[in-house]
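Trainee: Dropping the sequence and predicted coords here.
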Amino acid sequence: MRKLIMYIGLCMAALSVVSCQEEWKDELYEQYASFKAVIGDNGVTDIYVRYKENGKVTYQLPVIISGSTNNAVDREIHIAVDPDTLATLNDARFGREDLYYQLLGEEHYDFPSTLNIKAGTNVDTLGIDFTLAGVDMVEKWVLPLTIVDDPSYNYVSHPRKNYAKALLRVMPFNDYSGTYSTTTMQVFIKNEDGSYSQDDAIVESTRTAYVVDDNTVFFYAGLMDEELIDRRNYKVYFKFDPENHYLSLSTDNEKIKLQPANNNMFAFTVSEQMDATYPYLMHRYVIFNIEYDFVDYTSAEGVEIPYKVSGTMTLERQINTQIPDEDQAIQW
């Protein structure tokens, strides 16, 4: 009797294995079309593209056919710009229009309206050509894309909107842009006689440099940032001379009364070193000391608040030397 029970049990186990194997021959999930565009805390997908003054840069956006089996047919995926979704995001996320993400102008991008994904291929990339010369990074530029559905198409876009949409916040970069450590940079409110107290220093841990051209970035003066309504008035340009390793400051708004120290000549250093633990990882540092005065003339009507900014700013980039594509090699 015991042998009979064991025999029956073995037969049932064998049938279960065969059943599982047969099950995996069929598609368990819909083969939806979707983007690979991971949304960050800011509600969009930050993408980084090298700034080129007189040329275009191509960003490869992955397009995926999901499912547990390989894509079995050729599929022509239709892709379009989607300003409506961007408008919805702005209304839901921001209370002020001056903080809205802005639709990137057509003159700054180009991509094919269809992408052919061959049978047997589950992932392909949509090449988006960016021409970013002249883009003013005071605005937060976004290219919103969607996968277009139609009954005549041989695919269905993913029902989850964050998979069928790609809200690409375009972040051009050069050798000096990015997030700087500013824990040793101090900002002081000056007294009427021009003096200030070291005990009253205001410190921010980081400051962001935005691209202007190949060798120029801008910071917002002092502690001003991109959440400020009047941020455009407080752009301070940092122009780097890579040959002589000096940088100079300027502004296009005389009202902030920018006054750089040191005859507007600040030395900077660039150094590179390999990581002690991960030999493929290179650390690249841009370091300089800065000192300048400016006034805040918009916070209080009819009043100018004088500031002094002084200290060290440090940009660190971690670069995976095993990855050939520069934008992917940098660990943003």
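Mentor: Happy to help now that I have it.
Trainee: So for residue 185, what's the pLDDT?
Mentor: Looking at residue 185, its pLDDT is 97.
Trainee: for residue 126, which residues make a bridge with it?
Mentor: residue 61 (DSSP bridges).
Trainee: what's the answer for residue 180, then?
Mentor: residue 207, residue 315.
Trainee: neighbours around it, how many?
Mentor: Neighbour count for residue 180, taken as other CB atoms under 10 Å: 23. Every residue, glycine included, has its C-beta placed from N, CA and C.
Trainee: tell me which element residue 163 falls in.
Mentor: Secondary structure from DSSP states H and E places residue 163 in helix 161-164.
Trainee: buried residues in that helix?
Mentor: For helix 161-164, a neighbour-count test (16 or more other CB atoms under 10 Å) marks 163-164 as buried.
Trainee: quick one: it to chain centroid distance?
Mentor: Its chain's C-alpha centre and that of helix 161-164 lie 19 Å apart, by CA atoms, centre = their mean, to the nearest Å.
Trainee: same question, stretch 78-94
Mentor: Chain-centre distance of stretch 78-94: 17 Å, with CA atoms, centre = their mean.
Trainee: Kindly export that stretch (C-alpha atoms) in PDB.
Mentor: The C-alpha coordinates for stretch 78-94 follow below in PDB (Å, rounded to 0.1, in the frame of the first residue of the first chain):
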ATOM      1  CA  HIS A  78       4.400  55.300 -32.600                       C
ATOM      2  CA  ILE A  79       5.800  58.100 -30.400                       C
ATOM      3  CA  ALA A  80       4.700  61.700 -30.100                       C
ATOM      4  CA  VAL A  81       5.200  64.800 -27.900                       C
ATOM      5  CA  ASP A  82       2.700  65.000 -25.100                       C
ATOM      6  CA  PRO A  83       2.200  68.600 -23.800                       C
ATOM      7  CA  ASP A  84      -1.100  67.700 -22.100                       C
ATOM      8  CA  THR A  85       0.600  65.300 -19.600                       C
ATOM      9  CA  LEU A  86       3.200  68.000 -18.800                       C
ATOM     10  CA  ALA A  87       0.400  70.500 -18.200                       C
ATOM     11  CA  THR A  88      -1.300  68.000 -15.900                       C
ATOM     12  CA  LEU A  89       1.900  67.500 -13.900                       C
ATOM     13  CA  ASN A  90       2.500  71.200 -13.500                       C
ATOM     14  CA  ASP A  91      -1.000  71.800 -12.200                       C
ATOM     15  CA  ALA A  92      -0.700  68.900  -9.800                       C
ATOM     16  CA  ARG A  93       2.800  69.600  -8.500                       C
ATOM     17  CA  PHE A  94       3.200  73.400  -8.400                       C
END
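Trainee: looking only at pLDDT, what's the mean for that stretch?
Mentor: Averaged over stretch 78-94, pLDDT sits at 95.
Trainee: Quick one: residues in contact with it.
Mentor: Stretch 78-94 has contacts (CB atoms under 8 Å, 6 or more residues apart in numbering) with 43-44, 63, 97, 100-101, 103, 111-115, 126, 142-148, 150, 153, 161, 165, 167.
Trainee: Residue 175 is in what secondary structure piece?
Mentor: Going by DSSP H and E, residue 175 is not in any helix or strand.
Trainee: mind listing which of the contacts of stretch 78-94 are in helices?
Mentor: Of those, the ones assigned to helices by DSSP state H are residue 161.
Trainee: of the contacts of stretch 78-94, buried ones?
Mentor: 43-44, 63, 100-101, 103, 111, 115, 126, 142-148, 153, 165, 167.
Trainee: how near is residue 264 to residue 296?
Mentor: For residue 264, the distance to residue 296 equals 21 Å [CB to CB, to the nearest Å].
Trainee: Compare the two (neighbour count), which wins?
Mentor: residue 296 (21 against 15).
Trainee: The more buried one pairs with what?
Mentor: If you apply DSSP bridges, the partners that residue 296 bridges to are residue 305.
Trainee: Thought residue 222 was touching it, still the case?
Mentor: Yes: taking CB atoms under 8 Å as the definition, residue 296 is a contact partner of residue 222 at 7.4 Å.
Trainee: between the two, what contacts are shared?
Mentor: Residues touching both residue 296 and residue 222 (CB under 8 Å, 6+ apart): 234, 307.
Trainee: And the helices in this structure?
Mentor: 2-23, 83-93, 161-164, 326-329.
Trainee: Got phi/psi on residue 297?
Mentor: The phi/psi pair for residue 297 (degrees, to the nearest 10) reads phi -110, psi 10.
Trainee: Could you give the number of residues near it?
Mentor: Applying other CB under 10 Å, I find that residue 297 has 19 neighbouring residues.
Trainee: Give me the pLDDT value at the closest residue to it other than its chain neighbours.
Mentor: Leaving out its chain neighbours, the residue that sits closest to residue 297 by CB to CB, 6 or more residues apart in numbering is residue 304, at 5.0 Å. For residue 304, the model assigns a pLDDT of 95.
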